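Participant: below is the sequence, then the predicted model.
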Amino acid sequence: MKKACKICKKIIETGNICPNCKSGDTTSSFQGTVVVFDIESEIAKKLGIGTTGKYALRV
């Protein structure tokens, strides 16, 4: 089951620890997904995302 980190909103495919911020505070209740390929994009900047990957829009 996919989970999202409550701290950085990164979507985690396996496990309960976020590989991005190392937090164990995750939830399976999230809405929307954005995939970031370029951290210099307007979307990444607006959402405050610093690394590529899948992120939840609302946690």
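Facilitator: Received, thanks.
Participant: distance of residue 35 from residue 10?
Facilitator: Counting by CB to CB, to the nearest Å, the gap from residue 35 to residue 10 is 11 Å. In short, each C-beta sits where N, CA and C put it, glycine included.
Participant: and if you look at residue 54?
Facilitator: According to CB to CB, residue 54 and residue 10 sit 7 Å apart.
Participant: okay, residue 35 and residue 10: which has more neighbours?
Facilitator: For residue 35 versus residue 10, the count of surrounding residues by other CB atoms under 10 Å is larger for residue 10: 21 against 10.
Participant: does that one touch residue 52 like I think?
Facilitator: No. Judged on CB atoms under 8 Å, residue 10 makes no contact with residue 52 at a distance of 10.2 Å.
Participant: need the residues touching each of residue 35 and residue 10.
Facilitator: Any residue near both residue 35 and residue 10 by CB atoms under 8 Å, 6 or more residues apart in numbering counts here, and that gives 53, 54, 55.
Participant: tabulate the residues you listed (TSV), appending pLDDT and distance to residue 45.
Facilitator: Shown next, in TSV, are these (pLDDT from 0 to 100; distance: CB to CB, whole Å):
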residue	pLDDT	distance to residue 45
53	97	15
54	97	17
55	98	13
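Participant: residue contacts, residue 49?
Facilitator: Counted by CB under 8 Å, 6+ apart, residue 49 has contacts 36, 39, 43, 55.
Participant: can you do 10 Å?
Facilitator: Shown in contact with residue 49 (CB atoms under 10 Å, 6 or more residues apart in numbering): 8, 9, 10, 20, 34, 36, 39, 41, 43, 55.
Participant: list only those of the residues you listed flagged as buried.
Facilitator: 8, 9, 10, 20, 36, 55 (16 or more other CB atoms under 10 Å).
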